[in-house]
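1. Structure for this input, please:
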Amino acid sequence: MDTISLLALLLTCAAGLSIFNYHTVRLPMTIGVLVFSLLASVFMMALNVLFPSYDFQALPRSVLGAINLPVALLNGVLSLLLFAGAMQVDVGHLRAKCASVAALSVLGTGLAVAFLAIVAWYVFSLLGHDIPFSWCVVLGAILAPTDPVSVVGMLKRLGLPGPIQAVFAGESLFNDGVGVVIFGVMIGVATGNSHGVMFSEIAWSFCREALGGGVVGALTGWVALHVLKKQRDAYIDLLTSLALATGTFSIANQCGMSGAIAVVVAGLCFGSSGSQSVFDDTSRKELDVAWALIDEILNVLLFMIMGFEILDITPCFFAILATLFIIPLSIVVRALSVFFSTLPVHLRQWERGRVLSILTWGGLRGGISVSLALGLPSGDLRDLLLPISYGVVVFTIIVQGLTMERVARVFYSA
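-> Down below sits the predicted model:
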């Protein structure tokens, strides 16, 4: 299938599912598309069982193979999604809450990886299926980061105070870089490609990727704003922002740094107060509208592909049982990691646990976790960890995502 045919098929399916969702259950569009793509996938799987002489999954599987979600997302579309999300963040609120965001992104993610690894190791042992602890850490690295696409999309529907939104969005935009670094280190240990990992190696890898990526993003963002000061054309602004998002991501990755963190910092530069002198009101409005449209289209396509990815998963009974155990425990782990990473804040101002509750229940996982899981090397452990990762992601998006508005009203109704 050529590129234009693949794109046409994806857009047609996304449009059809969005229209069907609008005229039926009217869920938030991205979640509705995910739900209906899941149902369509389950229907095709059922048809395969009823009519074994026909392979109803052949076409969607070939399309999924052509897309290659781990490569398409982690090395491509993610740059645009992160840039769009970063542009929506209030930089003033983010600057005021930078300590909390840094604690959640770095310490909170590290704690979540450790806690999830311990929980998974005990669950697997309890169910009589011993898994090497290194692979449990890999699972923790897959599930620890909250997903910026899911979280930023959710924040659009909630009326939370500005500082809370900044903490939510800031954590989700930055913590995936930490999770990917840990994942990259531990997958080498788990597969035997790295025989020993020193703490200094992990620290250096993190500093190179995270801090280096931040420097690259700040530099490219500053250059782009400086260039745009000399003109007043909304189309040039949009074209330059697209070049900035994709170019920053590519440069950082080529230099061995975190492209995700680099493009987030570049996006924050475009959303900062310093950009007000660059864009007039009309240009700023048109830029925001264009990026909101890009963000929404890519979100819908991503969630639809995630729904169809279940066709590439063959869960066994043990994986399903383990998933049922790990889903509630992952929520507990999220609460513990948020609490301990921001303990000084709680000691100064508890706020009746409102922030802890909101951050815990709003810790959605998404495409990044699925992509990391799909990128695991083939084998029995991949066949075990992939369904568990997918189950946790789908639960957080559908159950937690759809009930988050109610939870927010309970704690912030005043």
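2. hmm, which helix or strand of this structure has the shakiest average pLDDT?
-> helix 343-348 (a mean of 64; mean pLDDT, DSSP states H and E).
3. Mind checking what helix or strand follows it in sequence?
-> As assigned by DSSP states H and E, the chain's next helix or strand after helix 343-348 is helix 354-361.
4. residue contacts, Asn48?
-> Applying Cβ atoms under 8 Å, 6 or more residues apart in numbering to Asn48 gives the contacts Tyr54, Asp55, Phe56, Gln57. Any C-beta I mention is one placed from the backbone N, CA and C, and that applies to glycine too.
5. Which of those sits closest to Phe340?
-> When the contacts of Asn48 are compared for distance to Phe340 (Cβ to Cβ), Gln57 comes out closest, at 43.8 Å.
6. got the residue ranges for the helices in the stretch 151-300 of the chain?
-> Listed in chain order, the helices of the stretch 151-300 of the chain (DSSP state H, counting those that start in this stretch) span 162-191, 199-206, 212-228, 234-254, 259-271, 281-308.
7. Out of those, the one nearest Ser330 is which?
-> Taking these one by one with Cβ to Cβ, helix 162-191 is closest: 13.7 Å.
8. re earlier: I'd like the contacts of Asn48 laid out as a markdown table, including pLDDT and neighbour count.
-> Formatted as a markdown table, those follow (pLDDT from 0 to 100; neighbours: other Cβ atoms under 10 Å):
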| residue | pLDDT | neighbour count |
| --- | --- | --- |
| Tyr54 | 84 | 10 |
| Asp55 | 84 | 12 |
| Phe56 | 82 | 17 |
| Gln57 | 84 | 17 |
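9. Inside strands: which ones of the residues you listed?
-> Among these, none falls in strands (DSSP state E).
10. Could you export those as JSON lines, including distance to Val215?
-> Listed next are the contacts of Asn48 as JSON lines, based on distance: Cβ to Cβ, whole Å:
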{"residue": "Tyr54", "distance to Val215": "55"}
{"residue": "Asp55", "distance to Val215": "50"}
{"residue": "Phe56", "distance to Val215": "50"}
{"residue": "Gln57", "distance to Val215": "46"}
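11. Can you tell me which of those is nearest Ile320?
-> Checking those against Ile320 by Cβ to Cβ gives Gln57 as the nearest, at 19.4 Å.
12. And that closest one, how far from Ile313?
-> 11 Å (Cβ to Cβ, to the nearest Å).
13. again, but for Ser5
-> Using Cβ to Cβ, Ser5 is found at 25 Å from Ile313.
14. Those two: which has the busier surroundings?
-> Set Ser5 next to Ile313 and count neighbours by other Cβ atoms under 10 Å: Ile313 wins out with 17 against 11.
15. For the more buried one, which non-adjacent residue is spatially closest?
-> Counting by Cβ to Cβ, 6 or more residues apart in numbering, the nearest residue to Ile313 once its immediate chain neighbours are dropped is Pro387, at 5.3 Å.
16. Isn't the one you found up against Pro315?
-> Yes. Counting by Cβ atoms under 8 Å, Pro387 does reach Pro315; the two are 3.7 Å apart.
17. In terms of packing, which of those two has more residues around it?
-> Pro387 (21 against 18).
18. Distance of that one relative to Asp147?
-> Per Cβ to Cβ, Pro387 is found 18 Å from Asp147.
19. next one: Val289
-> From Val289 to Asp147 the distance is 24 Å (Cβ to Cβ).
20. Compare those two (neighbour count), which wins?
-> Higher neighbour count among Val289 and Asp147: Asp147, with 25 against 12, using other Cβ under 10 Å.
21. phi, psi of that one?
-> Per-residue torsions, Asp147: phi -90, psi 120 (degrees, to the nearest 10).
22. contacting residues around it?
-> Contacts for Asp147 (Cβ under 8 Å, 6+ apart) come out as Ser172, Asp176, Leu364, Arg365, Gly366, Gly367, Ile368, Ser369, Val393.
23. at 10 Å instead, please
-> 81, 153-154, 172, 175-176, 302, 363-370, 393, 396-397 (Cβ atoms under 10 Å, 6 or more residues apart in numbering).
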